[in-house]
Structure formats: structure tokens, C-alpha cells
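**Q** Quick one: sequence plus predicted model below, questions after.
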Amino acid sequence: MARPRRVFPLLVLVAAAAAISVSAPAIAATASEADALLAWKASLTNATALSGWTRPAAAAAACSWRGVTCDAVGASVVVLRLRKLGLSGGLDELDFAALPALTELDLNGNNFTADIPASISRLRSLTLLDLGNN
Ligand SMILES: *[C@@H]1O[C@H](CO)[C@@H](O)[C@H](O)[C@H]1NC(C)=O
Ligand SMILES: *[C@@H]1O[C@H](CO)[C@@H](O)[C@H](O)[C@H]1NC(C)=O
């Protein structure tokens, strides 16, 4: 007699995992990303151009900050494009680990100084980095 194949329990597990990933709260990531961006802003010596970056009532509101673009569901910051805004300071206080989905970091044409921290390597999704003209 052939042994019965136990396929069904595996299917249930896969279906359960899919259901969990679909129903997970989408804005959880953005709350920590907003905190990381606000902490960086606070460290800058000139953040006048980022005066609209204020603690959002809803985490996803950070997606409407100047220069910030999120993914389609508002779950993660994917682009930070802050060109020619008169910003000065450094990158030391930017918690790169809090921005795992960032694909583009464009700070061209500001007044940033100091070294580029090694922790920038934690931007695992980065495809464009422009720190020119600082
Ligand atoms: C950079 O800073 C200097 C002096 O602090 C200022 O004169 C200059 O306009 C700034 N440049 C930009 C692009 O903001
Ligand atoms: C600070 O940023 C503002 C807004 O971009 C800019 O007008 C101003 O020139 C900057 N100040 C300095 C000292 O760079």
C-alpha cells in the first residue's frame, strides 16, 4: 500500500503565511523612518528648508514631507531627494539602518561637510547616491 502524501498541512502553512503578510500593518516601517529623519534634521546646522518636516500625527504623513517619496503603499521611504536646499551639517546622525528600502539619496548642491559615515553601507537597497557639490 502506498503511503499517503502529506501535502495538505504544508498548503495550510503557506496560505497562513500569505494571509499574515498581506494583513500586516503597512505604516509600521514609516514611523521609525520618520523618527530617523527627524533626528537627522535636528542634527543639521541649517535645516531651514525642512521646516515642514514635523512629527506626523499619522506615521504615513512623513511620505508628504519635502523631498521624501514613499513606496506605493506608504510603508517605506524609497527616495530622499534634497537638492540645492541650503542644508548644512553632516550625515553622522542619519540612521541608515532605519531606511532599509531607500533606493535614492540625493543631497547634491547643499552645504554638507564632514566625512561620509561607513554606516552608509547599511542602505541595502540604494541604487543612486549623489553627494556632489557639497
Ligand atoms: C553655504 O554656506 C555659506 C556660508 O555658511 C553660504 O554663504 C552659502 O550660501 C551656502 N551655500 C548654499 C548652497 O546654501
Ligand atoms: C539656510 O537655508 C536657507 C533655506 O534654504 C537658505 O536660504 C540660507 O541661505 C541657508 N543659510 C546658510 C548660512 O547657508
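**A** Yep, it's here. Ligands and ions are numbered 1, 2, ... in the order given.

**Q** now the nearest residue to residue 95 once chain neighbours are set aside: how far from residue 71?
**A** Leaving out its chain neighbours, the residue that sits closest to residue 95 by C-beta to C-beta, 6 or more residues apart in numbering is residue 36, at 4.2 Å. The C-beta positions use only the backbone N, C-alpha and C, and glycine is treated the same way. Computed as C-beta to C-beta, to the nearest Å, the residue 36 to residue 71 distance reads 16 Å.

**Q** where does the protein have low pLDDT?
**A** Scanning the chain with the threshold set as pLDDT under 70 gives 1-29, 57, 59-60.

**Q** mind checking the SS state of residue 133?
**A** The local conformation at residue 133, judged by DSSP: H, G, I helix; E, B strand; the rest coil, is coil.

**Q** list the helices and strands the helix or strand harbouring the residue nearest to residue 95 packs on?
**A** Under the criterion DSSP states H and E, the helix or strand holding residue 36 is helix 28-43. Helices and strands touching helix 28-43, by 3 or more C-beta pairs under 8 Å, 6 or more residues apart in numbering; DSSP states H and E, are strand 77-81.

**Q** and the strand it packs on, how far out from the chain's middle?
**A** 7 Å (C-alpha atoms, centre = their mean, to the nearest Å).

**Q** Can you name every helix or strand that that strand contacts?
**A** helix 28-43, strand 68-70, strand 104-106.
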